[in-house]
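**Q** here is a sequence together with a model predicted from it:
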Amino acid sequence: MFNWLQGEQYLDTGWIGIAVTLMVVTFILVNIRRANKNADSLFIRRISGLNAIDDAIGRATEMGRPVLMVPGIGVLDAISVQAINIFAQVTKTAAQFATPVRICCANAPVFAVAQEVIRDVYTQQGVGDKFTPETVQFISDQQFAFAAGVSGIIHREKVAATFLLGAFYAESLIFAETSNAIGAIQVAGSTQSTQTPFFIAACDYVLIGDEFYAASAYLTRQPVLVGSLVGQDWAKIVIAGMVIFGTLFGSYEMTGMTTEHRTDNQGVSSMTPVEAGPDGTVTPERVKKSDTMVNRFFNPYTPEELVTIEREKKPAEPEAETGGGGE
Amino acid sequence: MNNTIFLLAQNTENFWRKLPGQGLVIWVVIGLLLGIALLFAFTQVPSNLRRWIIVGFTFLAGLPYVLAYLWPKPIGADLQNDVPRNLSEQIGFTINQAIDPVGKITNVLQAFLLGVGIFSLVRVHITKVRRKSENWGFSTVLLVCFALMTTVGFMDWRQRKFMDDNGLLNEPSNWGFFQYANDLMFEGMYQQMDSAMFSMIAFFILSAAYRAFRIRSVEATVMMASALILMLNLMGALTYAWGTGIESLVVQTGNPFFMNFKLNVMADWLRSTMQIPAIRAIDFGVFLGALAMGLRLWLGLEKGGVSS
Amino acid sequence: MTFWDKMQKVDRRILYVILVVFVCTGLFIPVKIPVEPDPSSKDFYATVMAIPEGSTVLVQTDWTNSTRGESMGHFENLMRLLMSQKLKFVFYSAADPVAPQVARTVITRINAERKAEGLYVYQVGKDYLDLGYFANAEATNTNMGTDLRQAWANRTSKVPEGGEVDIFKTDVLKDIRKIGDCKMMVVVTASASIDIAIQRLANKVPITAMVTGVTGPGVLPFYQSGQVKGIAIGLKGVYDTEYLMANGINISNGDERPKVTWAKTSSVDKVAEGKTFARGNQYYGTLHVALVLLILAVILGNVGMFMSRRATRKGGE
């Protein structure tokens, strides 16, 4: 009936991934709606790294030194946007105390967005004149030129606090150790799980994994953000349930025996019979991980007849000139 | 040199792409005029409506990706040469063909924004030099290097691209001033400084290990022990010698259980049973967070911060 | 202040000097060390060696000179492997505009090395293509997965016969209509560009990776799940690959036991031609020295902490 709707991504079990994604989306939207109706009913636990923000700014104000913020070196994506959202909150507090702010960017689009957002924050706080070209700076889009530039600012301006939130790579330890050397309070968080250990070794407070995304909900308590966070938690519970079910069911399946194994080659699946012995008898073999139904949930079984479709070709067009052809 | 490659010449025509020729030029002109008209129209929009324009554009920009994810993609289709079999496939073809132009629009926007970034960099440092603020000497070095590298890099590229049909400049013996200057500044200076900055991490790791890696609790002891196994496993000589010892022990005792104590076996177990699941769990949280963030931005649900 | 208290507050510059002296010494003593290659390295090697001669491989090279200690060894090994297997390849970068230039320099050097050994020299436009840098990794990988011919439309390459032709008319890409027609995609990187490649392309083309030691653990979950077919990780991965190129898997020399054994595959040959032990061999000894130093630093730091605590306790009694 739905033959006309058959698409590459829906073949065999392909629809499961899309269904799970849509379920997560529904969880988030439903909870945002719930939160909009009654925000107080939803609870978020304390995040110690974020409690430290006010202390850090207070210290910077007392010392009369700037607060440094770096939104990572990633491109303009959800991570950088989230970092800028957190920095907007930090800047709001800093602007109230007239504490200077330095935001260093390694990506031009991130810089352009950060500049607009932070300028708005200053204007809303009624101290628009305190926003200078040094407040938000583009340093370099080359990783270590950026690392050198920011380390220079940390040393020269003797910043009192550093906020390193976003996508960091090898430069994470350079920033963290340089700040440590001048005794700045450090709050850090990276979505790169491989950089988190470096931050933990060298920083005072670290946001691990999705705490980074929870930060703006925690700081602002906006119903949309709180609701979205609760939706994410629902999704995590379902995923944990799927992991437990998958582990048990997959383990059970692998105790069975089979006479054919699944093989995949260039996106085409097939079943290969177990080779017969010298006397022609086929001895069943233990089910492999790739033969299980749990594996099939994530890797659709797509035999030749399902993925080969003959289509008419467009009539050949006069060839467009591409390239110089040695002219 | 054929100029068509600079005029968005496309090798196949579809809804999103036009073949070179008069038709293309007309489309480019219409697009340009439309863009300018829109720009002026936006400046006249009252500020309470601006948010909705931004939300609208964000939604439109994300729509092709969402549709491409959800709408059935024609199975095994050659998007350039095949003819769609039915309406569903026709829509699928159009959506998937839209992915490329939308991606390229973001690239064009990024190129413009790079200009904004460079403007900020130059403005900050020119101001410092003009006011003779503290450390203005460094700013002078930055500005001079910036100008030199840009000029030398551009001239070298220009000469290699347009004045060297036979590839003579690939041989250092044929180099002129700009090739030598580019080599000195890019290979000789920039690349080496890049490596030097990265190498400094070794020092930081050593001092961080000395300072922070202390056995203060049971958890810290467990972590230290597993870190030690992983570090020892990186030393091939030690792993090999240890493994040979274990193998001879197994031969002597006849008990294969000892094979579990080979360094590489222990390290593999730690990685695949402890480290990978932990990273995967953190990744689940991170990607769910990214999905929620993307969804809020795309649907314009966020207020304040970037969305205001 | 006791000796141990002083050790607790040792000037970090002293640690730095010790590190420089020991690491530099190690660099001058290249030793062929027997190793047990990691399973992920064996999988990487076996995957490359299984590709039929003359096939096309995509190489996304996203490293620059900063991580050359690891990534340059990886890239050199990859080039030697592909060239000895007579595979065609396309290289480009989706992460850093500097990366293609660094890759070009390596290819020139490997070609010179092959010329000196009397082996076939790879030619641009015939055996490999240089597509340069693509901005925006997300969009680049998505476009490549949706329609490779459209994503790379209008790109031209110099050819050995002279002049420039459309890349899809060269020997390297003439039979490639979609990304699945390429036998493998290798990502050589020091950043999360491998994550993006996996997200966008893992179900369209077999992906393998050569990554730095720090990036490695982040990619391992995808290796365990089968989305990445094999990974060479860090300097150990560089040396593993060289060791595998020289010894193969389950290949015995006469009566001798195979140097590398693996239950997962039957046997994988050594490489047929060219250099095997190179940069990995040169640096691997240094890694040993650096790790010993690091372990010593941790032990000393802890012993110092215990001793000074004990001294404080005694003083308090």
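**A** Arrived safely, thanks for sending.
**Q** now residue B:59: closest residue in space that isn't a chain neighbour?
**A** Once flanking residues are discounted, residue B:59 sits nearest to residue B:298: 6.3 Å by Cβ to Cβ, 6 or more residues apart in numbering or on different chains. All C-beta spots, glycine's among them, are computed from the backbone N, C-alpha and C.
**Q** does the one you found really touch residue B:64, like I thought?
**A** No. Using Cβ atoms under 8 Å, residue B:298 makes no contact with residue B:64, being 11.8 Å away.
**Q** settle it for me: which of these two has more neighbours?
**A** More crowded of residue B:298 and residue B:64, by other Cβ atoms under 10 Å in any protein chain shown: residue B:64, with 21 against 16.
**Q** against residue A:143, how distant is the closest residue to residue B:203 other than its chain neighbours?
**A** Ranked by Cβ to Cβ, 6+ apart and with sequence neighbours excluded, the top spatial neighbour of residue B:203 is residue C:16, at 4.9 Å. Look at residue C:16 and residue A:143: by Cβ to Cβ, to the nearest Å, they are 22 Å apart.
**Q** settle it for me: which of these two has more neighbours?
**A** Neighbours were counted for residue C:16 and for residue A:143 using other Cβ under 10 Å; residue A:143 has more, 23 against 16.
**Q** next, give phi and psi for the more buried one.
**A** phi -50, psi -50 (degrees, to the nearest 10).
**Q** what about residue B:53, how many residues nearby?
**A** When neighbours are counted by other Cβ under 10 Å, residue B:53 comes out with 13.
**Q** A helix includes it, no?
**A** Yes. Looking at residue B:53 with DSSP: H, G, I helix; E, B strand; the rest coil, it is inside a helix.
**Q** for the stretch 1-150 of chain A, what spans make up the strands?
**A** Per DSSP state E, counting those that start in this stretch, the stretch 1-150 of chain A carries strands over the ranges A:67-72, A:101-105, A:136-138.
**Q** tell me the pLDDT at the residue in the stretch 151-300 of chain C positioned nearest to chain A?
**A** The minimum distance from the stretch 151-300 of chain C to chain A, using Cβ to the nearest Cβ, falls at residue C:163 (2.5 Å). The score at residue C:163 is 80. That number is its pLDDT.
**Q** what parts of the stretch 151-300 of chain A come near chain B?
**A** Within the stretch 151-300 of chain A, the positions near chain B by Cβ under 8 Å from any Cβ of the partner chain are A:152, A:156, A:170, A:173-174, A:177, A:191, A:193, A:196, A:198, A:201-202, A:208-210, A:212-214, A:216, A:220, A:222, A:224-225, A:228-229, A:231-232, A:235-236, A:239.
**Q** residue ranges in the stretch 51-200 of chain B under the pLDDT threshold?
**A** Applying pLDDT under 70 to the stretch 51-200 of chain B picks out residues B:167.
**Q** where does it come near chain C, residue by residue?
**A** Proximity of the stretch 51-200 of chain B to chain C (Cβ under 8 Å from any Cβ) is limited to residues B:65, B:68, B:78-80, B:96-97, B:99-100, B:102-104, B:106-107, B:110-111, B:167, B:186-187, B:191-192, B:194-195, B:197-199.
**Q** so which of those are in helices?
**A** Within these, residues falling in helices by DSSP state H are B:65, B:68, B:96-97, B:99-100, B:102-104, B:106-107, B:110-111, B:191-192, B:194-195, B:197-199.
**Q** does whatever residue of the stretch 51-200 of chain B ends up closest to chain A sit in a helix, a strand or a coil?
**A** Using Cβ to the nearest Cβ, the single residue of the stretch 51-200 of chain B nearest to chain A is residue B:72, 2.3 Å away. Using three-state DSSP, the structure places residue B:72 in coil.
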